[in-house]
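Undergrad: missing the sequence, but the structure's below:
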Ligand SMILES: Cc1ncc(COP(=O)(O)O)c(C=O)c1O
């Protein structure tokens, strides 16, 4: 038994692990770079408010989010740091709310600037210009980014306080694509300088960029996954093996039965007992964020032993083949975490990444915090 009685699935977040990971990342920073912590998607499933509060106590000044609601949630909870909205926002009401909440927004094109002009704001909106240097997702392409920068600089309703880009391949062994992105970013910055446009804060590096490319640190770094204790790729893990997963996902056993050989378990009868064994039912399923692809594949830590998922993962429950172990309802299964299966390895086994597992942890999963 790894935890006190649980009435349902629980994600326990170790705030000391967040502190530790932040400290590990800070040790890598070249002179003077600040940290902008990516806390979008509810802090990668860890709880954005609690994560931001903790990191703010550790001196993190900036937080990055994906949607206006995520920014406003942080403000409503009293997070006073600088907030940056990574994605574009063209909705007038949202822009007004963001301005009132003193959130910085990302401008990716002329339409974004037009939206700010039309939003009827009573003070200049804090803006960061997003330049596309090779990610191909959002942003003004680097060769003519200076034109949008000029328009932002001249516009009285915007305050240009930063310029940024996003790296697409910094987690890969081949360094060339990232070096090319950095070169393009430099070209864009040089064009701004030639025009006398103050670029303000420059920021580029996600976790992989931070760990693998010191030349990408600039004024701010924007780590996400590494703060939560995971690496974006094995190559990056090798650069910083000391990261500690902050989340432990657990759920209680709710039912235990002894079954004879030949007993089928779960939808589709895809698992059949090959011998007499004990099957334990656990109160977590794919609606809570335990992926259905781990049917007949995942393993779980139960009372210090690794046991296999038996049959299909259901919406709210899964079954374990616990053999002849003495398991009773109320025992706690650890689905992933530092003392259980590795979320990175589970993700790899089903062709995805730790990010998807962490952000998929559902709303029915209670969050608990340790390390206050
Ligand atoms: C704009 C931006 N910056 C930083 C990050 C953090 O990336 P990572 O979690 O790989 O460190 C993300 C996440 O995808 C992002 O979208």
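TA: Sure, I can see it. Note that the structure is a prediction, hence the values are computed from the model and not measured.

Undergrad: residue 314 touches residue 268, doesn't it?
TA: No. Counting by Cβ atoms under 8 Å, residue 314 sits too far from residue 268 to count as a contact (10.8 Å). C-beta coordinates here come from the backbone N, C-alpha and C atoms, glycine included.

Undergrad: who's more crowded, the two?
TA: residue 314 (18 against 10; other Cβ atoms under 10 Å).

Undergrad: how about that one: what's its closest non-neighbour residue?
TA: Closest residue in space to residue 314, ignoring its immediate chain neighbours: residue 285 at 4.8 Å, by Cβ to Cβ, 6 or more residues apart in numbering.

Undergrad: ok, now residue 38?
TA: Closest to residue 38 by Cβ to Cβ, 6+ apart is residue 224, at 3.2 Å.

Undergrad: which residues touch the one you found?
TA: The contact partners of residue 224, by Cβ atoms under 8 Å, 6 or more residues apart in numbering, come to 37, 38, 39, 40, 44, 64, 206, 207, 355.

Undergrad: of those, which is the most crowded?
TA: When neighbours are taken as other Cβ under 10 Å, the top entry among the contacts of residue 224 is residue 39 (31 neighbours).

Undergrad: report the contact partners of that residue.
TA: Counting by Cβ under 8 Å, 6+ apart, residue 39 has contacts 48, 51, 52, 55, 63, 64, 65, 70, 74, 224.

Undergrad: pretty sure residue 7 sits against residue 250.
TA: No. Between residue 7 and residue 250 there is no contact under Cβ under 8 Å: 11.7 Å.

Undergrad: out of those two, which sits in the more crowded spot?
TA: Each of residue 7 and residue 250 has its neighbours counted (other Cβ under 10 Å); residue 250 has more, 27 against 11.

Undergrad: show me what that one is bridged to.
TA: On the basis of DSSP bridges, residue 250 is bridged to residue 10, residue 334.

Undergrad: tell me the pLDDT at it?
TA: What the model reports for residue 250 is a pLDDT of 98.

Undergrad: show me what the strand or helix carrying residue 358 is packed against.
TA: Applying DSSP states H and E as the criterion places residue 358 in helix 354-359. On a contact count with 3 or more Cβ pairs under 8 Å, 6 or more residues apart in numbering; DSSP states H and E, helix 354-359 meets helix 40-44, helix 343-349.

Undergrad: ok so residue 328 is a helix residue?
TA: No. Applying DSSP: H, G, I helix; E, B strand; the rest coil, one finds residue 328 to be coil, outside a helix.
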